[in-house]
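Novice: Sequence first, then the predicted structure:
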Amino acid sequence: MTERRQRQGDDAERATRSDHVGGGHGREDGGGSAEGALPSVQETAVESQRRKGDPAAATRRDVLFAIEGLSVRYGSQPAIENVSFDILENNITALIGPSGCGKSTLIRCFNRMNDLIPSASVEGHISYHGEDLYGPAVDPVEVRKRIGMVFQKPNPFPKSIYDNIAFGPRILGMKDDMDGIVERALTRAALWNEVKDRLDENAYGMSGGQQQRLCIARSVAIEPDVILMDEPCSALDPISTGRIEDLMIELKENYSIVIVTHNMQQAARVSDMTAFLMVALDDQEENPRGRLVEYDQTEKVFTRPSDERTELYVTGRVG
Amino acid sequence: MEARDAIAASGLAAGEARPRLGAASPRYGERAIKALLAVCAAVSVVTTVAIVASLIGPTVEFFREVGVFDFLFGTNWSPTIAPESYGVLPLVLGTLSVTLWGLVVAVPIGLGAAIYLSEYARPRVRKVLKPTLEVLAGIPTVAFGFFAFTFLTPLLQDIWPGFLGTEPNVFNAGAAGLAIGLLIVPIIASISEDAMSAVPGGLREGAYALGATKMRVALRVVFPAALSGVAASIVLGVSRAVGETMVVLMAAGNTPNLSLSFSESIQAITAYIGVVATGDISTQSFEYNTIFAVGLLLFVLTLGMNLVSIRLVRRFREVYE
């Protein structure tokens, strides 16, 4: 694997981050403070498409998550073992692999969701913009304000559409212009036109695809830096799936996205980088746990994988 | 066509008659069981009707002599001492008083326990605490009566601060109310906890993923989603408090008293019935009829509350689908 990490001075890095966390507008025009870190909104889809296949462009991006020797166990049961790779900013990174290979466990490490499972223990290092995500002074609540998550099953709150979006901003103490926040979030999630006349209706009256876009809008509303998506389309029909994929590509301009997916076509369609994990057994042929097999640009993983196991999996012969 | 014939041929050997799809024998056992189960279910309905029916006769006798309005809104209950007076409000207020003081104790403690068990407690702690709490519900109420009379009342008298007036009577509504409160804590805690635990984990995760703290998840997501179940638990607790007899009989005194005071002796509806029904009164006497009248009133009160609670439980089921 090539060294993709690009070290920067602390100040530059902090500047980048405050652009990210501060607010949407700051992000859009102030992104130039760290060179090459953030694509400008003016960048066209074509350019983005070109960059997708361009290795040089990928290496220019900043490292979002640096994962080193990460192992997670639930009680005595290992889930993933010794995973190391770097996830880049403003990319869509897909985690693929067969069931039980620890994709979901891995993605839940990035916003410390595994903390909520008492038996889970995490070893190794994940740094986020260079800062140890599991450091002693790190508050998981703060982490989750910056790193949002969309789940496999749409999980809107049993509240109105408006209150679903407003929930996060209210937690963060954003009080001014809540209507505007709600409208912007729903617009970004390509949902505004469908629901603008029924914002006070219960979110459970929406279709599954709409609910999932609502959950994406809910994450976007608090202006996170990263959106994690754990099989966001597995409960949806192909049309809803297509909409969410379009949405991810749009959101990529402003956010970094990590997506777990069972659907290899989806990974191939939307992602820039792909990590392939697989179940491995220990020396006694026991304790199945996930290991990283290959991590590279999506195009390469799907067309010229360097590992035979990846090739067998992506061509549908194994898994 | 050929294929279909082939399939048909493979299913039925050549020459065999058409398959028989009727029952091999009439299933009497099945019918008997069904009838038996229906009878079991009917018992509760029949009992309810029978109880009301048994109350009606003497109640009608009672209302031949006392006006309904005088009964419901009269402020003096003095059925034995002349001049007799049958205004039920002091008894109703006595019941309300102990119920109110009970709720003041039971709602915060019960809900606090429920939120703790459902959201904060580690699985191991919860595994011990919840059954312990439910054991509390199995303690005989007469024990709570002793507890109120021999422990709570002296305690209240000792710590009673002067600015709240004279210290509680030997028999007082407060001690009985507190004991009833402790008695219904398990009901409120257990049912509310069930309702909160039933809230899908996905909702919690969704809130945590937005940077919500545990307290916000509990209070802003789980609690509202479980609200109907929580409300139902409180209504059930209220029904229980209203119907509770032994504690009020032992600890609250038996003085009809038009007051919600914490420290005064009162008489609750149930306690009045208890006292009269265990005394040596003639079934021909008018006093005998009075307990049926107040009994019916109590029945109507608790029935009303239970209907409300059933409604709430139904609504609770519909919340997330």
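Specialist: That came through, no problem.
Novice: Count the residues that sit near residue 287.
Specialist: I went with chain A, as the question did not name one. 14 (other CB atoms under 10 Å in any protein chain shown). For glycine as for every other residue, the C-beta is placed from the backbone atoms N, C-alpha and C.
Novice: try again with chain B
Specialist: 14.
Novice: And it, how far from B:Arg122?
Specialist: 57 Å (CB to CB, to the nearest Å).
Novice: helices and strands of chain B: which one has the lowest mean pLDDT?
Specialist: For chain B, using mean pLDDT, DSSP states H and E, the weakest element among its helices and strands is helix B:2-11, scoring a mean of 55.
Novice: Spit out the contact partners of the closest residue to chain B within the stretch 1-150 of chain A.
Specialist: Nearest residue of the stretch 1-150 of chain A to chain B, counting by CB to the nearest CB: A:Lys145, 3.3 Å away. Applying CB atoms under 8 Å, 6 or more residues apart in numbering or on different chains, we find A:Lys145 in contact with A:Leu172, A:Ile222, A:Pro224, B:Leu210, B:Gly211.
Novice: Of these, which pair is most distant in space?
Specialist: Spanning the widest gap among the contacts of A:Lys145 are A:Leu172 and A:Pro224, at 10.6 Å by CB to CB.
Novice: residues from the stretch 1-150 of chain B in reach of chain A?
Specialist: Those residues of the stretch 1-150 of chain B that sit near chain A, judged by CB under 8 Å from any CB of the partner chain, are B:Arg122, B:Pro123.
Novice: Low-confidence bits of the stretch 1-150 of chain B, can you list those?
Specialist: B:1-16 (pLDDT under 70).
Novice: Would you mind checking the contacts of A:Lys145 for buried ones?
Specialist: Buried members of the contacts of A:Lys145, counted by 16 or more other CB atoms under 10 Å in any protein chain shown: A:Ile222, A:Pro224, B:Leu210, B:Gly211.
Novice: now the strands for the stretch 151-300 of chain A?
Specialist: Taking DSSP state E, counting those that start in this stretch as the criterion, the stretch 151-300 of chain A carries its strands at A:226-230, A:256-260, A:273-280, A:289-297.
Novice: do the stretch 51-200 of chain B as well
Specialist: Along the stretch 51-200 of chain B, counting by DSSP E, counting those that start in this stretch, strands occupy B:77-78, B:85-86.
Novice: Partner strands of the last one and their direction?
Specialist: Same thing as strand B:85-86. Here strand B:85-86 is paired, per DSSP bridges, with strand B:77-78 (antiparallel).
Novice: now the strand it pairs with, how far from the centre of its chain.
Specialist: Counting by CA atoms, centre = their mean, to the nearest Å, strand B:77-78 is centred 28 Å from the centre of its parent chain.
Novice: now do stretch B:287-304
Specialist: 17 Å.
Novice: Equivalent analysis for stretch A:72-89, please.
Specialist: 16 Å.
Novice: Is chain B within reach of that stretch?
Specialist: No - using CB under 8 Å from any CB, stretch A:72-89 stays clear of chain B, coming no nearer than 12.0 Å.
Novice: what's the burial count for residue 259?
Specialist: Since you didn't name a chain, this refers to chain A. Counted with other CB under 10 Å, the neighbours of A:Ile259 add up to 28.
Novice: my bad, chain B
Specialist: Quick note: B:Ser259 (other CB under 10 Å) scores 16 neighbours.
Novice: mind checking how far the residue of chain A positioned farthest from its centre is from chain B?
Specialist: Distance to the chain centre peaks in chain A at A:Gln284, reaching 34.7 Å (criterion: CA atoms, centre = their mean). Distance of A:Gln284 to chain B, given as CB to the nearest CB, to the nearest Å: 30 Å.
Novice: so what secondary structure elements neighbour the helix or strand harbouring B:Ala293?
Specialist: Counting by DSSP states H and E, the element that carries B:Ala293 is helix B:286-317. Using 3 or more CB pairs under 8 Å, 6 or more residues apart in numbering or on different chains; DSSP states H and E, the elements in contact with helix B:286-317 are helix B:28-65, helix B:89-115, helix B:227-243, helix B:269-278.
Novice: repeat that with 10 Å
Specialist: In terms of contacts (3 or more CB pairs under 10 Å, 6 or more residues apart in numbering or on different chains; DSSP states H and E), helix B:286-317 is packed against helix B:28-65, helix B:68-73, strand B:85-86, helix B:89-115, helix B:173-197, helix B:227-243, helix B:269-278.
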